[in-house]
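Chemist: Provided below are the primary sequence and the corresponding predicted coordinates.
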There are 2 protein chains.
Amino acid sequence: MAGVSEATVSRVLNNVGPIKEETKQRVREAAERLGYYPSAIAQNFARRRSGNLGVVLPYVPKVHIFSTYYFSEILNGIGEQVRELGYDMLLIFRKPGLDNGYIDLFRSQKVDACILLGTTDTPEERKALKELKDEGYPFCLVNQHFDDEQFPEVDADHEQGAYHAVKHLLEEGHRRIAFLNGPPQYSNSTDRLKGYIRAMTEAGIFKRKNDFTETIPPAWLGTGNYSRTSGYEAASRFFQNRDCIDAVFAANDRMAIGLMQGFRDLGLVPGVDIAIAGYDDSDGARITDPPLTSVSVPFYQMGKAAAKWVLLRASGSTTDAEETGAADPLYQIQMETNLVIRSSSMSNQTSLE
Amino acid sequence: MAGVSEATVSRVLNNVGPIKEETKQRVREAAERLGYYPSAIAQNFARRRSGNLGVVLPYVPKVHIFSTYYFSEILNGIGEQVRELGYDMLLIFRKPGLDNGYIDLFRSQKVDACILLGTTDTPEERKALKELKDEGYPFCLVNQHFDDEQFPEVDADHEQGAYHAVKHLLEEGHRRIAFLNGPPQYSNSTDRLKGYIRAMTEAGIFKRKNDFTETIPPAWLGTGNYSRTSGYEAASRFFQNRDCIDAVFAANDRMAIGLMQGFRDLGLVPGVDIAIAGYDDSDGARITDPPLTSVSVPFYQMGKAAAKWVLLRASGSTTDAEETGAADPLYQIQMETNLVIRSSSMSNQTSLE
DNA sequence: GAATTTTATGTACGCGCGTACATTATCACT
DNA sequence: AGTGATAATGTACGCGCGTACATAAAATTC
């Protein structure tokens, strides 16, 4: 040692234990002069943690998922929190086939905690998640909810979001409102459907039968896959019933944009001949013509919250399932959404002014 | 050991050295039964490498940069390559202040290699990069070029891209073509300016004076910051000279979209009263009205290529500057761009059909 | 000023692998 | 059978830190 001590250096650099101010100085100077940089790998090894927060992204062939506003925002939020807490962010693109669950990430110690994006409600997924939970690993889902399964998750209140959007359409005077939803394995989709039904039922358009079969005209329900193309294609299906549809509420902006393009190509002017509302309040909503009414979701905050919780949990409680016996409080956040009204949803009178 | 051996296990799991087939089996079985998972941290430590490819993203306050098509695509490309080579991808959001260069990433061994996105041509940046280069660390820039500095970089031929776009506008019959560029610290911007000038000069609109001052009407040149808003604002400036402008070529789609919105708000219909062309061929180009003519850039491939090179370099040659004396061949790729013609750039006759 | 506590530093070890080297088993060939 | 080569496995050590424990120095107490 250039100074005098030996592993006091460790103490100095980690600010642990009492150390004379003068010694600190000496050590720091020496480190400086020697161009010493602690090896993160060795540190992690000695600390028996990786310092990484894993972020798992779904594998969607052909689609470059990043392009989705949705993921981008969440990632930014996670990134911010990760930085604040001194972790690093490991991006993991889920593999197509050899996906023996997320659990290997933890077993191999690649990550101390993990955030899962774009999970779907399928048997395999449930199994993989239950495994994670049973082992007591700190993980968190974002923007997906599993009923009757107690997973940590940060979601938004999409039922309410959809409800407000549809209610707004109703208030604009539209009555015959169709709904273009996404695939049902996303809780997003089913939540939005609930909101749609609630709004329509409250308005007296759907009758409350028993409690599941509502009187929804089949022509009013469509399913896409959240892509613009699927929205475009849905337009022609709705078009066949154009006489009994005033408005369409789409479960995300990309489909809404596709819808608008489709309708326009079929001769219906969005915002005039037919009202449209979307969901996500993505950048695209601002550049369509007319601008798209949409529901904004605090994706950024959701990502940040998930990262915060999961990282605190990783550093706090032990990872072993055994010791977590004290049933850690379930973390299930539901954030508020916010309707952003633009002209695509205006009633005809208004839009013609 | 459940089987019989000891550190033969290591050999089995790493496929190194000759081992009897039977032993392999035994070891594997034992590992299975014991639920053994090698610790990635210990492995990395012993191998003295992190297994991480660092991807540095610029810090842009307020702007959630991920939302940019540009970064998204590049990241996807990197992600793909990283997976193929068995590395992990460490996302690093560049900090605002305490940015003592990229070099700490390597010194602390957090990454084995590094890709830098969104760098700019500023003195500090140059200094930081030169440091990296002098130390012989494997890094690569994407979509940015430094003249008179020999950094490894994967760029696209933006001069050619701009040239083609402008030439196309000329071929559509537009003569008085303005150019809304981005900030000059991006080589992207200066390259596009060159392409613009070349096309205009070839068409005989600009006279070739000496060799830098061209006869460009000041009203034809604008500068934004690649945001939609800056495009929107630029529209009114161009509008003041609307009598001597037929078309505007914008240095990216977001500004082009802003321009279109701005012109429309001022009563000029894009694609009819004024032709527009953008750059990047982002998703947005498909959803504007009219659809935006744009230059597509193979961002995905660029990211992938950069990742490949940098990772091969990291595993191949040694990292020490000393031994790299054999002047590794400079890696500077320039990929081709591709003009995508849509209706925003059509001549009046055509668009009115 | 000796006994006791508090503060500051040194010592020693282990984290869990990879791997150079030593050792032993196997086999081919003379 | 013997020599040497090659294949297969075991032994031992170190990677660079954190940290429990031991120890030495300083501060406090009576």
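Modeler: Received the coordinates, thanks.
Chemist: which SS state does residue A:309 fall under?
Modeler: helix (DSSP: H, G, I helix; E, B strand; the rest coil).
Chemist: and what of the one 3 residues further on?
Modeler: At residue A:312, secondary structure determined by three-state DSSP is helix.
Chemist: just residue A:301 next, same as before
Modeler: Residue A:301 - assigned by three-state DSSP - is helix.
Chemist: Repeat that for residue A:294.
Modeler: Using three-state DSSP, the structure places residue A:294 in strand.
Chemist: and it, how many neighbours does it have?
Modeler: Residue A:294 has 31 neighbours, counted by other C-beta atoms under 10 Å in any protein chain shown. The way it works is simple: take the backbone N, C-alpha and C, and place the C-beta from them, glycine included.
Chemist: From residue A:140, how far out is the residue in the stretch 151-300 of chain A that DNA strand D sits nearest to?
Modeler: Minimum separation of the stretch 151-300 of chain A from DNA strand D (C-beta to the nearest atom of the strand) falls at residue A:152, amounting to 26.4 Å. Distance of residue A:152 to residue A:140, computed by C-beta to C-beta, to the nearest Å: 5 Å.
Chemist: and what of residue A:209?
Modeler: Residue A:209 is 38 Å from residue A:140, by C-beta to C-beta.
Chemist: Who has more neighbours out of these two?
Modeler: Neighbour count, other C-beta under 10 Å: between residue A:209 and residue A:140, residue A:140 has more, with 25 against 10.
Chemist: Need the three-state assignment for that one.
Modeler: The three-state label given to residue A:140 by three-state DSSP is strand.
Chemist: residues in contact with it?
Modeler: A:113, A:114, A:115, A:116, A:152, A:153, A:154, A:306, A:309, A:310, A:331 (C-beta atoms under 8 Å, 6 or more residues apart in numbering or on different chains).
Chemist: Report the contact partners of the fifth one.
Modeler: Put plainly, it is residue A:152. Counting by C-beta under 8 Å, 6+ apart, residue A:152 has contacts A:139, A:140, A:141, A:309, A:310, A:330, A:331, A:332.
Chemist: The fourth one and residue A:337, how far apart?
Modeler: Yep, that's residue A:309 we're talking about. 20 Å.
Chemist: Of those two, which one has the most company?
Modeler: With neighbours defined as other C-beta under 10 Å, residue A:309 and residue A:337 compare such that residue A:337 has more, 25 against 19.
Chemist: wait, the more buried one sits on residue A:159?
Modeler: No - with contact defined as C-beta atoms under 8 Å, residue A:337 does not count as touching residue A:159 (9.5 Å).
Chemist: near DNA strand C, anything from the strand or helix carrying residue A:22?
Modeler: Residue A:22 belongs to helix A:21-34 when assigned by DSSP states H and E. Yes - with C-beta under 7 Å from any atom of the strand as the measure, helix A:21-34 is seen reaching DNA strand C through A:22, A:23.
Chemist: For that helix, name the packing helices and strands.
Modeler: In terms of contacts (3 or more C-beta pairs under 8 Å, 6 or more residues apart in numbering or on different chains; DSSP states H and E), helix A:21-34 is packed against helix A:8-14.
Chemist: Identify all contacting residues around the helix it packs on.
Modeler: Here helix A:8-14 has contacts from A:1, A:16, A:17, A:19, A:23, A:24, A:27, A:28, A:31, A:38, using C-beta under 8 Å, 6+ apart.
Chemist: Same check on stretch A:179-192?
Modeler: A:120-122, A:143-147, A:155, A:157-159, A:161-162, A:166, A:193, A:196, A:220-226, A:231, A:234, A:238, A:248-252, A:255-256, A:259, A:279.
Chemist: Same question for stretch A:283-290.
Modeler: A:69, A:253-254, A:256-257, A:260, A:270-271, A:278, A:291-294, A:340, A:342-344, A:346, A:351, B:67, B:228, B:257, B:261, B:264, B:283-284, B:287-289.
Chemist: if we can go back for a sec, just the buried ones from the contacts of stretch A:179-192?
Modeler: A:121, A:143-146, A:155, A:157-159, A:161-162, A:166, A:193, A:196, A:220, A:222, A:224, A:226, A:231, A:234, A:238, A:248-252, A:255-256, A:259, A:279 (16 or more other C-beta atoms under 10 Å in any protein chain shown).
Chemist: And the closest residue to residue A:85 other than its chain neighbours, how close does it get to DNA strand C?
Modeler: The shortest distance from residue A:85 to any non-neighbouring residue, by C-beta to C-beta, 6 or more residues apart in numbering or on different chains, is to residue A:311 (5.0 Å). Remark: distance between residue A:311 and DNA strand C (C-beta to the nearest atom of the strand, to the nearest Å) = 22 Å.
Chemist: Could you check which residue of the stretch 101-250 of chain A lies nearest chain B?
Modeler: The stretch 101-250 of chain A approaches chain B most closely through residue A:107 (4.0 Å), counting by C-beta to the nearest C-beta.
Chemist: burial count for residue A:344?
Modeler: By other C-beta under 10 Å, 27 other residues sit near residue A:344.
Chemist: wouldn't it be in contact with residue A:273 here?
Modeler: No - using C-beta under 8 Å, residue A:344 makes no contact with residue A:273, being 11.6 Å away.
Chemist: just to revisit the earlier point, so can I have JSON lines of the contacts of residue A:140 showing pLDDT and secondary structure?
Modeler: Output for these, formatted as JSON lines (pLDDT from 0 to 100; DSSP: H, G, I helix; E, B strand; the rest coil):
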{"residue": "A:113", "pLDDT": "96", "secondary structure": "strand"}
{"residue": "A:114", "pLDDT": "96", "secondary structure": "strand"}
{"residue": "A:115", "pLDDT": "97", "secondary structure": "strand"}
{"residue": "A:116", "pLDDT": "96", "secondary structure": "strand"}
{"residue": "A:152", "pLDDT": "96", "secondary structure": "coil"}
{"residue": "A:153", "pLDDT": "96", "secondary structure": "strand"}
{"residue": "A:154", "pLDDT": "97", "secondary structure": "strand"}
{"residue": "A:306", "pLDDT": "98", "secondary structure": "helix"}
{"residue": "A:309", "pLDDT": "96", "secondary structure": "helix"}
{"residue": "A:310", "pLDDT": "96", "secondary structure": "helix"}
{"residue": "A:331", "pLDDT": "90", "secondary structure": "coil"}
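Chemist: Outline the domain layout of chain A.
Modeler: A:8-38, A:52-156+A:299-335, A:158-296+A:339-352 (automatic domain parsing).
Chemist: hey, which of those domains is tucked in deepest?
Modeler: Of all those, domain A:158-296+A:339-352 has the most neighbours on average by mean count of other C-beta atoms under 10 Å in any protein chain shown, namely a mean of 20.
Chemist: and of the contacts of residue A:152, the nearest to DNA strand D?
Modeler: So of the contacts of residue A:152, ranked by how close each gets to DNA strand D (C-beta to the nearest atom of the strand), first place is residue A:310, at 21.1 Å.
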